[in-house]
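A.B. asks: Sequence and predicted structure, then a few things I'm wondering about:
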Amino acid sequence: MIRSNMTPAQVASAARKDVGQVLRHATEKHSDLERLCTKLGKDKQEVRSGCFTSQKGLQWVYVAAANQGRVRIYPLVWWATRKGTCAMQIDAEGPAAFFQEHVMHRYIKRYLRGGTLFNALREFHRYNYEKASQPCDYKGDRESYTAVIDDGYVAGEYLKDDAIVHYRTYYDMPMGERRFGYLRPSLDWRQLMATIDFERVARRDTPHFAWGRGYLMRAEMGMAA
């Protein structure tokens with residue numbers, strides 16, 4: 001279980017030890033995607049999502065996306081603090097993506113109406129799992145990055161020592177376009193980048209164009225531990 005007083009680095013460590021359970025769950029539930037992905041056209045994508053609670057009580061939301069002959073699973077763990085709700089995406093390579101309470105509050109307000117918190121978190125992840133992260137000038141942080149997403153932008157800093165990208169602010173399209181609109185073309189190649197195999201390096205040294213690529217679905221993920 002994640003405690004409200006844990007640091008993002010501690011959460012990332014706990015989540016990486018736990019992530020195998022959500023990967024097995026998603027693989028078993030969506031095993032047909034491996035067959036389906038070979039029939040999809042070059043620019044077509046099948047996206048599914050779900051929720052999962054691990055044996056240790058970690059709350060997960062995940063996206064399973066099939067395109068161009070591959071299936072990737074994108075796990076997002078979320079937890080409550082005294083200030084609100086936080087979330088963190090864990091990937092096989094590169095740093096974790098940490099969304100602090102301010103980011104989640106703005107997004108949850110948008111998707112909570114008419115539904116539940118789980119539904120709001122699922123919608124948040126469906127619009128954020130596939131990001132194009134780019135260096136930017138954001139509040140003078142030592143290593144600033146903006147992630148371009150389908151319906152806006154999330155900005156923050158890269159904490160290299162902890163291998164965490166700390167996203168502090170969400171910008172919707174009208175507000176974000178004025179400041180980060182020049183980065184939007186990077187979305188055009190994000191699906192292509194997901195099909196490229198980069199050289200494995202330490203998490204903190206993974207180049208930004210290889211961040212946030214989830215885990216490749218493999219048949220053995222669905223086997224009992």
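C.D. replies: Noted; the coordinates are in hand.
A.B. asks: which intervals of this structure have sub-threshold pLDDT?
C.D. replies: Within the chain, the ranges that satisfy pLDDT under 70 run 37-43, 113-114, 138-142, 191, 219-225.
A.B. asks: For the longest strand belonging to it, output the C-alpha coordinates as CSV.
C.D. replies: In the chain, assigned by DSSP state E, the strand with the most residues is strand 70-81. Taking Å, rounded to 0.1, in the frame of the first residue of the first chain, the C-alpha atoms of strand 70-81 are listed here in CSV:
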residue,chain,number,x,y,z
ARG,A,70,2.8,-4.6,-31.2
VAL,A,71,0.9,-4.3,-28.0
ARG,A,72,2.0,-2.1,-25.2
ILE,A,73,0.7,-1.9,-21.7
TYR,A,74,0.9,1.5,-19.9
PRO,A,75,0.4,1.1,-16.1
LEU,A,76,-0.5,4.1,-13.9
VAL,A,77,-0.6,3.9,-10.1
TRP,A,78,-2.6,6.4,-8.2
TRP,A,79,-3.0,7.3,-4.5
ALA,A,80,-4.5,9.8,-2.1
THR,A,81,-2.7,12.5,-0.1
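A.B. asks: Can you mark which positions in the helix ranked longest in the chain are buried?
C.D. replies: Assignment by DSSP state H gives helix 8-29 as the longest helix of the chain. Going by neighbour count (16 or more other CB atoms under 10 Å), the buried part of helix 8-29 is 8, 11-12, 14-16, 18-19, 21-27. C-beta: built from backbone N, CA, C; applies to glycine.
A.B. asks: All the strands of this protein, in order from the start?
C.D. replies: 46-53, 59-67, 70-81, 84-89, 96-99, 132-135, 144-149, 152-159, 164-172, 215-216.
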